[in-house]
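[1] predicted structure and sequence below. I'll ask about it afterward.
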Amino acid sequence: MKYSSLSLSLILFFRAEVWAQSAGSPPGSPVNFSFDGLITRILDDTYDCKFDEALTKSDDLIAAFPDNPEGYLYKSGICWKMLEEGCVESRDSTKREIKVLIDKACELSERELDAHPGDTMAYFHYAGSLAYRAGFEAISHDWLAVMSDGINAKKMLEKTIEIDSNFYDAYSGLGAFNYYGSHIPWYLKPLAFVVGVRGNEDVGIAQLKKAAQFGKHAKIEASVFLATVVYVNEEDYSDAAKLLVELHRQFPDNLDFTRDLCRDYYEMQKFNEAIRCADAALSMDDPVGMCHRKSVSYIRFYRGKSYERLNERNKAIADYEVVVKLDGDAYSGREAKAALEKLRTQ
């Protein structure tokens with residue numbers, strides 16, 4: 001299965017911009033290392049799926065720096081991640097909260113840029129705010145607004161590296177924009193042409209690799225984009241797996257990385273590796289919690305497919321049955337149902 005849908009690519013791009021907000025003091029202020037450390041802990045908690053802890057720290061950031069857009073951006077990113085993972089009680093109220101946070105970040109970023117014209121962080125904050133607003137607009141398929149905000153975010157990022165070419169976190173968003181811009185589906189190409197969305201795949205990949213190698217807070221999300229979008233679309237599962245092994249080492253509780261690693265091992269026909277990877281994840285305490293349900297479904301799905309390829313029919317059937325119960329209407333559930341029908345007639 002390829003992660004090539006427009007919406008997913010947009011979400012990863014615009015989420016990358018939020019995670020790439022380079023921790024630093026507000027424009028015009030000296031470097032604040034407690035600010036930087038708090039950002040690092042927020043990111044670590046989020047990638048470890050410790051969402052309650054991450055939210056608490058983002059609230060601390062907002063309380064300490066109420067005029068800095070970063071706290072609002074990070075909190076909106078955490079809420080969005082929880083929404084994606086199904087970790088919220090009310091999707092509608094969470095969406096409303098995300099919109100309020102993004103609007104506040106946009107307001108503060110615009111005010112910051114007016115007060116500090118020419119400041120690198122001011123441009124970068126505004127880029128992140130516009131990009132994340134565009135990502136949120138993608139949920140409702142408001143493509144004109146998405147492209148308009150996306151183009152303006154790109155301009156802000158280009159201004160950022162024009163001022164400081166070593167601002168490596170900015171390359172994450174630029175790289176994702178260039179890659180996405182070269183993979184626009186046919187039904188949006190006329191609109192993209194009119195509003196001026198252009199992309200360059202090779203440039204985009206090079207920019208993403210630069211952010212993954214040298215970035216500060218964009219390093220992880222650039223690696224995620226490369227592993228789950230670029231390399232999968234290119235069917236380069238070997239390079240994808242290399243990145244995911246490292247991501248899994250850093251964040252062993254993040255089952256999204258495990259899920260994708262199981263997929264890559266399966267696609268490389270390393271079926272025993274896929275099974276061992278799945279076994280380790282499923283041995284965790286309560287892996288079928290609310291925030292892991294979708295990932296566990298896919299992990300079992302790829303383990304089942306691996307068992308099937310190894311002719312271990314009963315083990316494959318057992319995994320497919322669980323997948324159908326966990327996520328029967330999703331891709332994994334539908335594919336598991338089809339596999340069960342085939343296996344049971346053999």
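    Yes, it's here.
[2] shaky segments in the stretch 201-346 of the chain?
    Counting by pLDDT under 70, the stretch 201-346 of the chain contains low-confidence residues at 285-291.
[3] mind running it again at 50?
    Across the stretch 201-346 of the chain, the ranges flagged by pLDDT under 50 are 288.
[4] which parts of it are helices?
    For the stretch 201-346 of the chain, applying DSSP state H, counting those that start in this stretch gives helices covering 201-214, 219-225, 231-233, 237-250, 255-267, 271-282, 293-309, 313-327, 331-344.
[5] for the protein, which helix is longest?
    Determined from DSSP state H, the single longest helix within the chain is helix 91-115.
[6] buried ones in the helix or strand that that helix is followed by?
    Scanning forward in sequence from helix 91-115 by DSSP states H and E, the next helix or strand is helix 120-139. Neighbour-count burial for helix 120-139 flags 120-138 (criterion: 16 or more other C-beta atoms under 10 Å). C-beta here means a position set from N, CA and C on the backbone, and glycine is covered the same way.
[7] before we move on, what about stretch 272-285?
    In stretch 272-285, counting by 16+ other C-beta under 10 Å, buried: Glu273, Ala274, Ile275, Cys277, Ala278, Ala281, Leu282.
[8] now render those residues as a markdown table, adding distance to Asp103.
    Below are those laid out as a markdown table (distance: C-beta to C-beta, whole Å):
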| residue | distance to Asp103 |
| --- | --- |
| Glu273 | 45 |
| Ala274 | 43 |
| Ile275 | 46 |
| Cys277 | 41 |
| Ala278 | 41 |
| Ala281 | 37 |
| Leu282 | 41 |
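[9] still on that earlier bit, export the helices of the stretch 201-346 of the chain to a markdown table and tack on distance to Leu113?
    What follows is these, written out as a markdown table (distance: least, C-beta to C-beta, whole Å):
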| stretch | distance to Leu113 |
| --- | --- |
| helix 201-214 | 22 |
| helix 219-225 | 23 |
| helix 231-233 | 35 |
| helix 237-250 | 33 |
| helix 255-267 | 34 |
| helix 271-282 | 44 |
| helix 293-309 | 38 |
| helix 313-327 | 43 |
| helix 331-344 | 42 |
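[10] out of those helices, which gets nearest to Ser76?
    helix 219-225 (14.7 Å; C-beta to C-beta).
[11] elements contacting the closest one?
    On a contact count with 3 or more C-beta pairs under 8 Å, 6 or more residues apart in numbering; DSSP states H and E, helix 219-225 meets helix 6-19, helix 170-181, helix 201-214, helix 237-250.
[12] next, the angle helix 120-139 makes with the second one.
    Relative orientation of helix 170-181 with respect to helix 120-139: 30 degrees, computed using axes from the mean of the first three to the mean of the last three C-alpha atoms, to 10 degrees.
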